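Novice: here is a sequence with its predicted model. Questions after.
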Amino acid sequence: MAAVPSPDALATALAGAHHEPVDGLPDGPHLVDYAESSRLGDWSLRSALVRFAQPEPTRASAVLELIRRTDGALKPHRRRLEPTAVPTSPALDAAAFLADGDAVAIAADGRVLDARAADLARVAARVPDGVAVVAAYAEAEGVPAEELAAVPLLVVALELDALGDALAAWADVHDGPPPVDLVDRVAADVFRQLGELGVPRETAPPRGARSRG
């Protein structure tokens, strides 16, 4: 049985991919824009939720609140992430790391320009011992703490992004029951993660209050 690459080896492979030339690579889609990114049939997560709200208004409203909370928490990080665009792999997971003897590389298929923190989030969420890989990468590449702080939020964005793909696939065909079980599962997980990250819930204005202006 082949030895499992160490977190340091995986971090080195990821850094190597990020330092490759960017000429000719398409820009995005950017993970931070998960709610607006175009998917199957040109549906975005937000537009697919509008259709999902027709049979499931309560569930759609709950997901929209989670999107607003996630986007609000990500907003301060957007400017920091913009200058860190590198060749990233939207499908990055454990299987994308290819070992050849002692060397490890990352499959080059489907790379796009995005913030390097997007790949760090994918590693954290999809690769065994991913948190250690991220830590090794951050130490080797000198990733500032302010940039690393966006990674857990982008892990949340990954879940919502995957939900967007599923809702877009349903909305484009609009045949059969909507994926309520998936929506419930993702919503519960995202709600838990946002709570653990200390992202506040929305507070409704007092009943009967009137806006001034």
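Specialist: Ah, there it is. Numbering: from 1, shown residues only.
Novice: so what does the helix or strand harbouring residue 132 touch, helix or strand wise?
Specialist: Applying DSSP states H and E as the criterion places residue 132 in helix 130-141. With contacts taken as 3 or more Cβ pairs under 8 Å, 6 or more residues apart in numbering; DSSP states H and E, helix 130-141 sits against helix 7-18, helix 116-126. The way it works is simple: take the backbone N, C-alpha and C, and place the C-beta from them, glycine included.
Novice: got TSV for the ones you listed, with mean pLDDT and distance to residue 198 too?
Specialist: Formatted as TSV, these follow (pLDDT from 0 to 100; distance: least, Cβ to Cβ, whole Å):
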stretch	mean pLDDT	distance to residue 198
helix 7-18	96	26
helix 116-126	98	18
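Novice: what about the residue nearest the centre of the chain, which SS state?
Specialist: By Cα atoms, centre = their mean, the chain has its centre lying nearest to residue 158, at 2.6 Å. Three-state assignment for residue 158 (DSSP: H, G, I helix; E, B strand; the rest coil): helix.
Novice: from what I see, it and residue 32 are in contact.
Specialist: No - Residue 158 lies out of contact with residue 32 (Cβ atoms under 8 Å); the separation is 11.0 Å.
Novice: give the next helix or strand downstream of the helix holding residue 132.
Specialist: Next helix or strand after helix 130-141 toward the C-terminus (DSSP H and E): helix 145-148.
Novice: only alpha carbons, please: show the helix-or-strand element of the chain with minimal mean pLDDT as PDB.
Specialist: Across the helices and strands of the chain, mean pLDDT, DSSP states H and E gives its lowest value to strand 97-100, namely a mean of 86. Presented in PDB, the C-alpha positions along strand 97-100 are these (Å, rounded to 0.1, in the frame of the first residue of the first chain):
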ATOM      1  CA  PHE A  97      -3.200  15.100  -5.300                       C
ATOM      2  CA  LEU A  98      -1.200  12.700  -7.500                       C
ATOM      3  CA  ALA A  99       1.700  10.900  -5.900                       C
ATOM      4  CA  ASP A 100       4.700   9.700  -8.000                       C
END
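Novice: which residues touch it?
Specialist: Residues outside strand 97-100 that contact it (Cβ atoms under 8 Å, 6 or more residues apart in numbering): 2, 5, 10, 13, 104-107, 127.
Novice: direction included, what does it pair up with?
Specialist: strand 103-106 (antiparallel) (DSSP bridges).
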